[in-house]
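[1] Quick one, what's the 3D model for this:
(2 chains)
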Amino acid sequence: MSRILVVDDAAFMRMMIKTMVEKAGHTVVGEGVNGADGVEKYKSLRPDLVTMDITMPQKDGIQALKEIMEFDKSAVVIMASAMGQQAMVMDAIRSGAKDFLVKPFVESRVLEAIEKAVRG
Amino acid sequence: MNAEFLSMFIDETKEHLESWSNGLLELEKEYSQEQIATIFRSAHTIKGMAMSMGFERMGKVTHSAENLLDALRNEKIAVTPDLIDVLLQAVDALLRILQCIEEDEQEPSLDVSELIGKLEGYLTTGAEPKAGSQPKEEGRSSSIPTVSDYPEAVRVSIQNAIDNGHRVYEADITFTEECVMPGARWLQICNSIQEERIIHMTPDESVVESDGFDRNVRFIFWLPEDIESVMDLIVGSEVRLNHLAEIQSTLDEASDSPVLPQTGHITDNDVILKIVDEVSNKNHHVYEIGIRLSAGTLMKSARALVVFNAIGGEDQLIYTDPSMLNIEKENFGTDIRFVVWSDDSLDAINNTLSDITEIEVIEIREWKIVNNAVERGERFVPQKKEKKESKKTTSRTVRVDIEKLDSLMSVFSELVIDKTRFEKINEELTHDGLAATVAHMSRVSNELQEVIMQMRVIPLDTIFSRFPRMVRDTAKKLGKPIEFVVSGEETELDRTVIEEIGDPIMHLLRNSLDHGIESIEKRIANGKSETGRIELKAYPSGNSVYIEVSDDGGGINTNKVFEKAVSKGLVPPTANLSERDIHQLLFSSGFSTADQITDLSGRGVGLDVVKGTVESLSGRIEVISQEGEGTRFVIQLPMTLAIMQGLEIEVAGNPYFIPINNVQEIDRNLQIQVLDDREFVLWRDVPIPVVHLREVFREGEPSADSTYIVISNGSSRFLAVSVDEITGQKEIVLKPLDRRFRSIRFLSGATILGDGSVALILDLNSLF
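    Alright, predicted model coming up:
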């Protein structure tokens, strides 16, 4: 089971993802409340996987992703996007994101993405 | 016979029959290839299972039905109400057979030859072409052309059109003797179809326009809509249609059909040859890969990018179909074919790809250079990925006998009673260890209760799923077009409740169909749409589950109901009843008669039985109606029956419980007022009738000073209940009363208190 860092500026979304992944036996080792916080938490916690929101204050998810990839090129980051953000998602994938989810999240999709991203 | 196999067979067959029958109903509403494919698969699966269990009749019936479905799938026959009927009859017969198998573990000696005759007869005689796509012209092609029947260039265009949601047709026309200028006529056809939609034609356009041809033209074109709108424009006295057929996508038919073309030889195009050659020389492999995005994939371009990145990035791509530009613009369907170079082995590539979500690998082939030409290597069809979206995910479940669940519940109830006793003992003794243990035990027992409840609840879908069929058949019989909308079928309820509530809902639906929805003529006369609407809706709220049956029919004629109630002696003619009170009369048993009066909606027939069932489940039912606009029945049911939170009260020194979900508010300061000999309290500015429990239990006059008012909530009305004392709130285990006491109103059961004494549980619903 994986140690996961959840980065999202909305507490509700963090809670939602947390509930989903913990139900499946994963551990949420930390929560980042914005991009900058996410990068810092990544460096100190070294999680197996990160779920990264895109639109966030103080460093967006793309920038945070780039910094995380720079710090650890084997980092496993899954982008949490919303409809209409395809261009940004593509940017993220080119920058090394392993997968992406589109809100609203479907539990089975979230868990599948985590499982596969960690394995791959 | 192995009982385990049998029960699995029965369960699975039921599931498939249900999806079969529901699929047909959907299909009747809206034509869908996908739906037909689903039904076909269900029939096919049932056939396979029945055959392997040795149930011959079942096998034969499904076999015939499967043939019919196959013809339907290939558009050799059309979806007609008759066809749906005959296929539903097959479902009925199979259900009957299955029921016997369930009871006797063997197939009944039911004669199915008539049904089989019907099924097979339909195929030979009743075959009508699918409206629109294949008009009854002579020379209609008997086989359905598919994309793969065409040369590659044409094929790509056809596939693109299909992927974009268009329909593609192949037509063969002859300009008749009457046609003086076939070239000009052809131009006119081009305009009516729109020239850019013509994918391919023989002879060539220039030949046709110069009139230098044998008056026959064969052409392929796409349309965004059904062909009917265009047919009239093409066919006329000067143009004869020899052949018209819709071209089917090969991809949609079966998901294992190849994305990649079959031929071994690819190209001797110098440029590609050179690239492949160069890459191969560096000891890279060149792979041609076909993937398919799952249905409903969001952000297809981004998903495609994930795929490209996984196998080395865009730099390694040699070729993509659709083009990279179209992929980025999301201008494609579900399939992508691409050629990449890679250092990885075929297996490694496949593994990498299968770890990507939302895609399915259709095919991988290696490209090799043979004799100065690029050839495709062996086709590598990877093992099918487990379909995550499939409706029936294989979950890790254990089948448990219902009786075991019931006994678990009853044993647990005993435990809850003991827990309550412990809590009581704990109040009397002071012992730190005991206090902590009791607190922990309470928590654990709550969790345990939660788990058991979860095990006992099942979704309402289990009964809701049979209603669409019933509504359809009844509506058809009555000649009333009905739109039936079901929602909230995922709402869960205790299984014992679900078993009981099916019939009352059925009854209400029948009522709506029969008497609620007016005849077509009447609806039109009243300015309503021809199609009546009936809605079945379920939703949880608090500790209850609500189930509503509503229609947009004629509603309840209050005057007529009142008159009838008076004539039945249910109410005195002088009674001054509100509209709502009159509606409730429908539930009184005296109202139920055989001579139903249809123009008063005929409601009242058997509604007392419905009410009885609902109340026996500790629920309640209400009716809300607006004359001319419709009627809504609302059933409220407790989510669980056996264990509940109760408000402990005292009346004349005896303890009683009121289920907490019946309690809206408790107030000591409400003034009881009297108007026209009726007592009421003003609560939130609304007058609410008062009931004194002391009077109900004949315990004498209520003592004014120590009276509490408990406001109890019905689904849309309230009752103020006066009690002597409120003593607390407790978790109680409902024990049904002995048969001899069941007829006593106001009581829904009894419970055992911490000190071992018995307290009665009140059913306030009966006081309303």
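[2] Whatever helix or strand B:W222 lives in: which residues count as buried?
    Using DSSP states H and E, B:W222 maps to strand B:216-223. Within strand B:216-223, the residues scored as buried using 16 or more other Cβ atoms under 10 Å in any protein chain shown are B:V217, B:F219, B:I220, B:F221, B:W222, B:L223. Glycine gets a C-beta too; all of them are placed from N, C-alpha and C.
[3] Please apply the same query to stretch B:524-536.
    B:K528, B:G532, B:R533, B:I534, B:E535, B:L536.
[4] Quick check: which element contains the spatially closest residue to A:L5 that is not a sequence neighbour?
    Leaving aside its chain neighbours, A:L5 sits nearest to A:P47 (4.0 Å; criterion: Cβ to Cβ, 6 or more residues apart in numbering or on different chains). Under DSSP H and E, no helix or strand contains A:P47.
[5] Can you give me the neighbour number for B:K477?
    10 (other Cβ atoms under 10 Å in any protein chain shown).
[6] Would you mind naming what in chain A lies close to chain B?
    A:81, A:83, A:86, A:89-90, A:93-94, A:98-100, A:102, A:108-109, A:112-113, A:116, A:119-120 (Cβ under 8 Å from any Cβ of the partner chain).
[7] could you flag which of the residues you listed are buried?
    A:81, A:86, A:89-90, A:93, A:98-100, A:102, A:109, A:112-113, A:116.
[8] Mind checking which of those are in helices?
    Here DSSP state H is the test, and those give A:Q86, A:V89, A:M90, A:I93, A:R109, A:E112, A:A113, A:K116 as lying in helices.
[9] Now render those as CSV, adding distance to B:E66 and pLDDT.
    Listed next are these as CSV, based on distance: Cβ to Cβ, whole Å; pLDDT from 0 to 100:
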residue, distance to B:E66, pLDDT
A:Q86, 42, 82
A:V89, 44, 88
A:M90, 45, 87
A:I93, 44, 89
A:R109, 34, 84
A:E112, 33, 87
A:A113, 38, 89
A:K116, 37, 85
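[10] Dihedrals phi and psi, B:E627?
    phi -60, psi 130 (degrees, to the nearest 10).
[11] Let me know the pLDDT of it.
    Looking at B:E627, its pLDDT is 84.
[12] quick one on the thing from earlier: centre of the chain to the strand holding B:W222, how far?
    In terms of Cα atoms, centre = their mean, to the nearest Å, the centre of strand B:216-223 is found 40 Å from the chain centre.
[13] Run through the neighbouring helices and strands of it.
    helix B:152-163, strand B:167-175, helix B:182-193, strand B:198-202 (3 or more Cβ pairs under 8 Å, 6 or more residues apart in numbering or on different chains; DSSP states H and E).
[14] tell me the mean pLDDT over that strand?
    Rounded mean pLDDT across strand B:216-223 is 84.
[15] Any chance you could list what contacts that strand?
    B:150, B:154, B:158, B:161-162, B:166-175, B:186, B:193, B:197-203, B:208, B:230, B:242, B:247 (Cβ atoms under 8 Å, 6 or more residues apart in numbering or on different chains).
[16] Point to the helix or strand of the chain where mean pLDDT is at its lowest.
    You didn't say which chain, so I picked chain A. Within chain A, no helix or strand scores below helix A:11-23, which has a mean of 83 by mean pLDDT, DSSP states H and E.
[17] You answered for a different chain; I wanted chain B.
    Per mean pLDDT, DSSP H and E, bottom of the list for chain B is helix B:250-253, a mean of 46.
[18] Near chain A, which residues of chain B are found?
    Looking at chain A, the residues of chain B close enough under Cβ under 8 Å from any Cβ are B:298-299, B:301-302, B:305-306, B:309-310, B:328, B:330, B:352, B:355-358, B:388.
[19] Drop the exposed ones from those residues and show what's left.
    B:298-299, B:301-302, B:305-306, B:309-310, B:328, B:352, B:355-358.
[20] Same list (the residues you listed) but as TSV, adding pLDDT and secondary structure.
    Below are those laid out as TSV (pLDDT from 0 to 100; DSSP: H, G, I helix; E, B strand; the rest coil):
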residue	pLDDT	secondary structure
B:L298	79	coil
B:M299	85	coil
B:S301	89	helix
B:A302	89	helix
B:L305	89	helix
B:V306	90	helix
B:N309	87	helix
B:A310	86	helix
B:E328	84	helix
B:T352	86	helix
B:D355	83	coil
B:I356	87	coil
B:T357	86	coil
B:E358	86	coil
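[21] residues in contact with the residue in the stretch 601-750 of chain B positioned nearest to chain A?
    Going by Cβ to the nearest Cβ, chain A is nearest to B:M639 of the stretch 601-750 of chain B, at 21.6 Å. By Cβ under 8 Å, 6+ apart, B:M639 lies in contact with B:M453, B:V457, B:E492, B:L493, B:D494, B:P540, B:N543, B:S544, B:V545.
[22] Give me the spatial nearest neighbour of residue 112, chain neighbours excluded.
    Unless you meant another one, I'm taking chain A. Nearest in space to A:E112, with sequence neighbours left out and distances taken as Cβ to Cβ, 6+ apart, is B:T357 at 5.4 Å.
[23] The chain in question should be chain B.
    Nearest non-adjacent residue to B:V112 (Cβ to Cβ, 6+ apart): B:R57, at 4.9 Å.
[24] Now do the host helix or strand of the one you found: everything it contacts.
    Assigned by DSSP H and E, B:R57 belongs to helix B:56-73. For helix B:56-73, contacts defined as Cβ under 8 Å, 6+ apart pick out B:33, B:36-37, B:39-40, B:43-44, B:46-47, B:50-51, B:77, B:79, B:83, B:86-87, B:90, B:93-94, B:97-98, B:107-108, B:110, B:112, B:115-116, B:119-120, B:122-123, B:127.
[25] Kindly recompute the last result at 7 Å.
    Residues external to helix B:56-73 that are found in contact with it (Cβ atoms under 7 Å, 6 or more residues apart in numbering or on different chains): B:36-37, B:39-40, B:43-44, B:46-47, B:50-51, B:77, B:79, B:87, B:90, B:93-94, B:97, B:107, B:110, B:112, B:115-116, B:119-120, B:122-123.
[26] Give me the ChimeraX select line for those residues, limited to the buried ones.
    Restricted to buried positions by 16+ other Cβ under 10 Å, the ChimeraX selection for the contacts of helix B:56-73 reads:
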select /B:36,37,39,40,43,44,46,47,50,77,79,87,90,93,94,97,107,112,115,116,119,122,123
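[27] Wait, a helix at B:N446?
    Yes. Checked against DSSP: H, G, I helix; E, B strand; the rest coil, B:N446 lies within a helix.
[28] At the geometric centre of chain A, which residue do we find?
    Centroid check for chain A by Cα atoms, centre = their mean gives A:T51 as the closest residue, at 1.3 Å.
[29] That one: what secondary structure?
    A:T51 ends up strand, using three-state DSSP.
[30] Could you give the bridge partners of it?
    In this entry, A:T51 is beta-bridged to A:V6, A:I78, by DSSP bridges.
[31] wait, isn't it in contact with A:M20?
    No. Contact criterion Cβ atoms under 7 Å: A:T51 and A:M20 do not qualify, at 9.9 Å.
[32] before we move on, back to that, could you dump the contacts of B:M639 into TSV with pLDDT added?
    Shown next, in TSV, are the contacts of B:M639 (pLDDT from 0 to 100):
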residue	pLDDT
B:M453	78
B:V457	82
B:E492	85
B:L493	86
B:D494	83
B:P540	80
B:N543	65
B:S544	77
B:V545	87
